[in-house]
Structure formats: C-alpha cells, structure tokens
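give me coordinates for this.
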Amino acid sequence: MKPNRVSWFLPVENYIIHTKLSEEEIIQRLTELTKNTGSKSNASLFGLGTLFGQKSGGPYEGKIQSKEFKISRIISYRNSFLPVIKGSISSFLNQREITISMGLNLVVKIFTIVWFSIVAISAFFILDKFLHTNENPFLTNLFPLQMAVFGYVVMILSFKFESRKSKKDLKKLFEAEVV
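Presented below is the predicted three-dimensional model:
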C-alpha cells in the first residue's frame with residue numbers, strides 16, 4: 001500500500017500477517033471476534049465506546065464481506081483516535097496472507113486536518129510577526145505552536161495505544177507472525 005501525503009502526518013499502520021489457517025477458519029474466527037453490525041454502531045460512534053450503549057457481541061465490531069473486513073475495537077472509554085482496521089485475505093503458497101491497514105475514522109481525519117490547519121496558520125502569523133519585529137517573545141505568543149505539538153503528541157500516543165492492542169489481538173487470533 002502506497003502511503004499518501006495525509007498519512008505522512010496522520011497515524012497509519014500497514015502490515016501483513018501470515019497464517020496457516022484456511023480462509024474459512026480466518027472468516028469464522030473474525031466472525032466470532034466481531035459484532036457484525038454491517039457498519040459502526042451508535043455505541044462507538046466517533047470513538048465514544050460503549051459510554052452510551054450496552055456492549056454486546058465480541059470485543060470488535062464492523063463488517064466482514066467475503067475476503068475483506070473493516071472492524072474496530074469496542075471500548076468503554078473515549079478515544080477519538082481509535083484505529084479503524086481494514087484487512088483483506090489472500091493466498092500465498094500454502095499460507096494465507098492478511099494485509100492489514102489501521103487508520104483514523106474519516107470524521108476524525110477531517111476534524112484533525114482542519115484543526116491542525118487553523119493552528120498552523122495562527123502559528124505562522126505569530127512567527128512572522130516575531131521575526132519581523134524586535135519584540136521580546138513571550139511563551140504565550142507561541143501558544144499555537146505549543147497547541148500543535150501537544151495535539152500531535154496526544155493523537156499519536158492515543159492511536160498507538162489502541163493499535164498495539166489490536167495488533168496483539170489479531171496476531172493471537174490468527175496464530176500468526178507479523179511481517
């Protein structure tokens with residue numbers, strides 16, 4: 001999978017899992033693991049987890065169609081940066097290969113890009129003013145830059161926290177090795 005320009009900035013993980021399980025076993029295990037809703041349920045809309053709904057089914061929810069799936073973990077706490085896991089199953093010699101891509105929800109991606117754009121523009125104008133005047137810079141003048149750094153660190157750490165759990169779950173589920 002070729003990374004696009006947005007994935008240079010936003011957290012994305014792409015990897016491949018090799019397993020000796022048959023395609024039927026893979027689909028069966030995914031179905032058992034997943035509350036097959038056809039789409040995201042209201043309980044975990046925007047990463048709100050089961051805060052406003054009851055947890056039912058497996059620890060994941062999503063859609064499984066033929067040799068492709070799109071799932072995400074069901075969590076009982078808030079994390080807007082919860083990865084959406086997309087996967088496809090293919091055969092490779094006597095093994096099955098599961099190509100996994102973890103990324104942010106589309107709404108979260110759009111919000112994050114807009115938010116960082118506004119903060120970056122503000123930081124640019126403050127930096128420009130600082131460079132073209134002889135005023136002594138105060139830490140408060142650099143607030144948009146601090147906001148951008150803090151926001152980026154929170155986004156990356158929140159995403160990685162959840163993606164590690166999902167990666168561990170999938171590796172165990174498929175009795176696999178990550179390539």
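
what sits up against stretch 114-122?
9, 144, 147-148, 151-152 (CB atoms under 8 Å, 6 or more residues apart in numbering). Where you see a C-beta, it was placed from the backbone N, CA and C, and this is true even at glycine.

okay, and Lys70 sits in which element?
Take DSSP states H and E as the rule and Lys70 turns out to sit in strand 68-73.

so which elements touch that strand?
helix 23-33, strand 60-65, strand 84-92, helix 143-173 (3 or more CB pairs under 8 Å, 6 or more residues apart in numbering; DSSP states H and E).

can you say which of these is nearest to Leu131?
Relative to Leu131, the nearest member of the helices and strands packed on strand 68-73 by CB to CB is helix 143-173, separated by 13.2 Å.

and that closest one, what's buried?
Judged by neighbour count (16 or more other CB atoms under 10 Å), helix 143-173 contains these buried residues: 144-145, 147-148, 152, 155, 158-159, 162-163, 166-167, 170, 173.

cool, stretch 58-69 as well?
Neighbour counts using 16+ other CB under 10 Å place 58, 60-62, 64, 69 of stretch 58-69 among the buried residues.

same question, stretch 24-34
Using 16+ other CB under 10 Å, the residues of stretch 24-34 that count as buried are 26-27, 29-30, 33-34.
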